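Peer 1: this one's sequence-less:
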């Protein structure tokens, strides 16, 4: 797959009540969507639909929830002890943890995932780990504004986000990186 930078505008609709679609999201000419095709920045089915499109091409396609963000998983809604959300002063973080807020959470294997706070009571905070579009069939309608080849520097930065781009040998990601200041570590992030 060729790596190109796409810029487009679109309306994203999801299934609504009584068989009518609801507008969920919009990318406008003032705030378009821009991504690098072919490196996994977008849903695979989205990239398949956009492959080969050129500036001025219009699009109208659907992606079933199974090919988007999957079905809504009720096991992804967790009730956690409120103490997990205390700040450095040993108090509940009322500024950051509010109903509707997105908060970063660490998994048992150290990954950071975003969770939405759905309820707060005296002893617990209920979070939802599902993607906001889980369980939704997606309908994209839009137009491609621009397509251009990605530069090597852009591709480097996108495929090596831990250090902002590399050229030589980075043991952290097994990619080549020459940003080494000592031949062993990336000078951008210090990772070996």
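Peer 2: Looks like it arrived, so ask away. Worth saying up front: this structure is predicted, and the values here are computed from it rather than measured. Numbering: from 1, shown residues only.
Peer 1: which residues of the protein score low on pLDDT?
Peer 2: Within the chain, the segments meeting pLDDT under 70 span 1, 161-192.
Peer 1: repeat the analysis, applying 80 as the threshold.
Peer 2: Using pLDDT under 80 as the threshold, the predicted model of the chain has low-confidence ranges 1-2, 159-192.
Peer 1: where along the chain do the helices fall?
Peer 2: Applying DSSP state H to the chain gives helices spanning 44-50, 152-159.
Peer 1: packing partners for the first one?
Peer 2: Just to be clear, that refers to helix 44-50. Counting contacts by 3 or more C-beta pairs under 8 Å, 6 or more residues apart in numbering; DSSP states H and E, the secondary-structure elements packed against helix 44-50 are strand 58-63, strand 138-149. In this view, the C-beta of every residue, glycine as well, is placed from N, C-alpha and C.
Peer 1: if you compare these, which one is most tucked away?
Peer 2: Each of those was scored by mean neighbour count; the highest is strand 138-149, a mean of 17, by mean count of other C-beta atoms under 10 Å.
Peer 1: about what we covered before: could you dump the helices of the chain into a markdown table and include mean neighbour count and distance to residue 10?
Peer 2: Supplementary listing: those in a markdown table, determined by neighbours: other C-beta atoms under 10 Å; distance: least, C-beta to C-beta, whole Å:
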| stretch | mean neighbour count | distance to residue 10 |
| --- | --- | --- |
| helix 44-50 | 17 | 10 |
| helix 152-159 | 15 | 21 |
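Peer 1: domain assignment for this structure?
Peer 2: Under the assignment named as automatic domain parsing, the residue ranges that make up the domains of the chain are 4-69+134-150, 74-128, 151-192.
Peer 1: can the helices and strands packed on helix 44-50 go into CSV with extra columns for distance to residue 121?
Peer 2: As requested, these are arranged in CSV below (distance: least, C-beta to C-beta, whole Å):
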stretch, distance to residue 121
strand 58-63, 36
strand 138-149, 33
